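K.L.:
what would the 3D arrangement of this be:
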Amino acid sequence: MLSFARTSIAAARKASSSNITSFAKRTLSSDLKTFDLTGSFEMHAIDTAPNDSIEMSKEEMLEHFKLMYTMRRMEITCDNEYKARNIRGFCHLYDGQEAVAAGIQSAFDPEDSWITSYRCHVIALMRGGSVSSVLAELFGNTGGLSKAKGGSMHFYSKEHNFFGGQGIVGAQVPVGTGLAFANKYNAKPGEKMNVAIACYGDGAANQGQVWESANMASLWKLPMIYCIENNQYGMGTSIDRHSSHSDYYKMGNHIPGIRIDGMNVLAVKEGMRFVKEYCGSGNGPMYVEMMTYRYHGHSMSDPGTTYRNREEIAQTRSTRDPLEFIKKTMVDAGYAEPEELKAIEKKIRKDVQSEVLKAKEFPKPKLEELFDYVYAAELNGEKQEIQDFIRMPDYAKSFKKPL
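P.N.:
Numbering: from 1, shown residues only. I've put the predicted structure just below:
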């Protein structure tokens, strides 16, 4: 069964989960209510902390719920389409971790830079994508967000400051540090800096490139956030077996850190507001550990039940599911009735299915398009440099530039 690294945080999280909505109370504004976040944060090497409560309107709560439920349905659809062999290759799903991505997005500005691992479908959805463009990419169709060239692991949208999923474990961390350097370099004097975040799993947390990047970020006081999405397993290896130090938010030594209940979108939103404020004000980097859980295996080739049992997964679904949490919070606060939420879920399921059909209508790319945008002729725009010759595995099918 799942065992967290600290008994205290598990107890606090249990209390927070059961009591948060009972603390909901009206503020001076009839449109806002205050929700208690006590027990949602643990701090390291810093004297300040996020607020222990957050004000939310009904509209904000509903938008969070709709986004997270769309994420969940999209990922479940990916599971079904993969099993139907309409999606091939690597495919890493995010269901169970929706509160992390949704909470970060709600705390960030569009100008903040975001780079993550290959578990990146939902980030692409929030940063310039749609369900149809994400699925079209997975189907290998031209309507895909990366024009059918990236697939599951390589979504990217420079226009929306999303710098992709990385196919190599941990490779996004030094790139993210470079994004933070650029944000500091481009910041106007006297104004707060846009931040950069690199999300990576607990399995990558002990890599040397993480330490080297954090050292540079600390020396240069870069607005960099090192975000460990601790879903309890590095591929199929539990944190107790793959890391001698499992308090990941303390791994920066003198660099401040925070551990956040990653199954509570309200805690993630408030926690990341605090982190963004700290890093963007010129104080340097911060480590963030999101305590979360993935329902699927590491990838679609992993059943996810050989190194953990079904009872563990079922218990997490029944006690800590991020969607059930926000639904209960809204109902207890008087923001929604169960029937209203069921109607929203029904509509989203229908909308996602329509997006699937739309994604399948896009054609496959032509073979000659394989060679497009291999070399850029300019940093901005889409002008490209066409090579004279590109060899294919079958030499007879090699590309030769027309005379």
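K.L.:
contacts, neighbours, all on C-alpha from now
P.N.:
OK.
K.L.:
now do the strands in the stretch 301-403 of the chain.
P.N.:
When secondary structure is read from DSSP state E, counting those that start in this stretch, the stretch 301-403 of the chain shows strands at 389-390, 399-400.
K.L.:
quick one: the residue nearest the centre of the chain from R391, how far?
P.N.:
Against the mean C-alpha coordinate of the chain, by CA atoms, centre = their mean, the closest residue is A101 at 3.9 Å. Separation of A101 from R391 (CA to CA, to the nearest Å): 40 Å.
K.L.:
again with R88
P.N.:
25 Å.
K.L.:
any idea of the pLDDT on S22?
P.N.:
You'll see S22 listed with a pLDDT of 39.
K.L.:
scratch that, A84 is what I was asking about
P.N.:
98.
K.L.:
what is the neighbour count of it?
P.N.:
A84 sits with 10 neighbouring residues when counted by other CA atoms under 10 Å.
K.L.:
for it, phi and psi?
P.N.:
When read as degrees, to the nearest 10, the backbone of A84 gives phi -80, psi 0.
K.L.:
returning to that earlier point: neighbour count winner among R88 and R391?
P.N.:
Taking other CA under 10 Å, R88 and R391 do not tie; R88 has more neighbours (16 against 11).
K.L.:
nearest residue to the more buried one in space, please, no chain neighbours.
P.N.:
Y82 (6.6 Å; CA to CA, 6 or more residues apart in numbering).
K.L.:
nearest residue to S281 other than its sequence neighbours?
P.N.:
Spatial nearest neighbour of S281, chain neighbours left out: K192 (5.3 Å); criterion: CA to CA, 6+ apart.
K.L.:
can you get me a residue count around the one you found?
P.N.:
17.
K.L.:
about what we covered before: name the element the residue nearest to the centre of the chain belongs to?
P.N.:
Here A101, judged by DSSP states H and E, is contained in helix 98-107.
K.L.:
hey, C-alpha coordinates of that helix in PDB?
P.N.:
Written as PDB, here are the backbone C-alpha positions of helix 98-107 (Å, rounded to 0.1, in the frame of the first residue of the first chain):
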ATOM      1  CA  GLU A  98      -4.800  17.000 -13.000                       C
ATOM      2  CA  ALA A  99      -4.800  19.400  -9.900                       C
ATOM      3  CA  VAL A 100      -1.000  20.000 -10.400                       C
ATOM      4  CA  ALA A 101      -1.200  21.300 -13.900                       C
ATOM      5  CA  ALA A 102      -4.500  23.200 -13.400                       C
ATOM      6  CA  GLY A 103      -3.300  24.800 -10.300                       C
ATOM      7  CA  ILE A 104       0.000  25.900 -11.800                       C
ATOM      8  CA  GLN A 105      -1.700  27.300 -14.900                       C
ATOM      9  CA  SER A 106      -4.200  29.300 -12.700                       C
ATOM     10  CA  ALA A 107      -1.300  30.900 -10.700                       C
END
